[in-house]
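Colleague: from the sequence below, what's the structure:
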Amino acid sequence: QVQLVESGGRLAQDGGSLRLSCAASGRAFSNYGMGWFRQAPGKEREFVAFVSRFGGRTDYADSVKGRFTISRDNAKNAVFLQMNTLKPEDTAVYYCAASGSSSYSPSRSPRDYNYWGQGTQVTVSS
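Modeller: Numbering: from 1, shown residues only. A predicted model of the protein is given here:
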């Protein structure tokens, strides 16, 4: 069992930056691949970024590649999403999620993630 709590979401300016954090509790955090997803009003939840269990492999949605960076600190049971050059279309609730089946190879499917946080709201104003 893994419990996930996101933080860091807030109102930001177009072109600005935010850093989201996800704190994990429970057993064996390093056994899980970690992902960030987002969901905007009226839209389906979409993949944003993935980091493998020891941080050696990452994957990004095309819409955020080059602007967002995912990282993790297994000693602190945490995963981060650094978001730069924010755009209004980045506005969404951001969720972190843990995948036991995709610990090394990236997965972009929410179905592959076992545990989810409650989400944190990111709003980018133009």
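
Colleague: given the helix or strand encompassing Arg19, what are its sheet partners and their directions?
Modeller: Secondary structure from DSSP states H and E places Arg19 in strand 18-26. Applying DSSP bridges to the sheet, strand 18-26 is found paired with strand 2-7 (antiparallel), strand 78-83 (antiparallel).

Colleague: give me the mean pLDDT for the first one.
Modeller: Translated: strand 2-7. Confidence for strand 2-7, expressed as mean pLDDT, is 96.

Colleague: and what of the last one?
Modeller: The pLDDT scores in strand 78-83 average 98.

Colleague: quick check: bridge partners of Phe68?
Modeller: Beta bridges link Phe68 to Met83, judged by DSSP bridges.

Colleague: how many residues are close by it?
Modeller: Counted with other C-beta atoms under 10 Å, the neighbours of Phe68 add up to 21. All C-beta atoms are positioned from the backbone trio N, CA, C, and that covers glycine.

Colleague: quick check, central residue of this protein?
Modeller: By C-alpha atoms, centre = their mean, the chain has its centre lying nearest to Trp36, at 2.1 Å.

Colleague: which outside residues touch stretch 64-83?
Modeller: Applying C-beta atoms under 8 Å, 6 or more residues apart in numbering, the set of residues contacting stretch 64-83 from outside is 17-25, 29-30, 34, 36, 48-51, 54-55, 58, 60, 84-86, 90, 94, 96, 122.

Colleague: filter these to the buried ones?
Modeller: 18, 20-24, 29, 34, 36, 48-51, 60, 86, 90, 94, 96, 122 (16 or more other C-beta atoms under 10 Å).

Colleague: what's the distance between Leu20 and Arg27?
Modeller: Separation of Leu20 from Arg27 (C-beta to C-beta, to the nearest Å): 23 Å.

Colleague: and the contacts of the helix or strand just after the strand holding Arg19?
Modeller: Next along the chain after strand 18-26, taking DSSP H and E as the criterion, comes strand 33-39. By C-beta under 8 Å, 6+ apart, the list of residues contacting strand 33-39 from outside reads 20, 22, 45-53, 70, 72, 79, 81, 90, 92-99, 102-107, 110, 113, 119, 122.

Colleague: alright, calling it a day.
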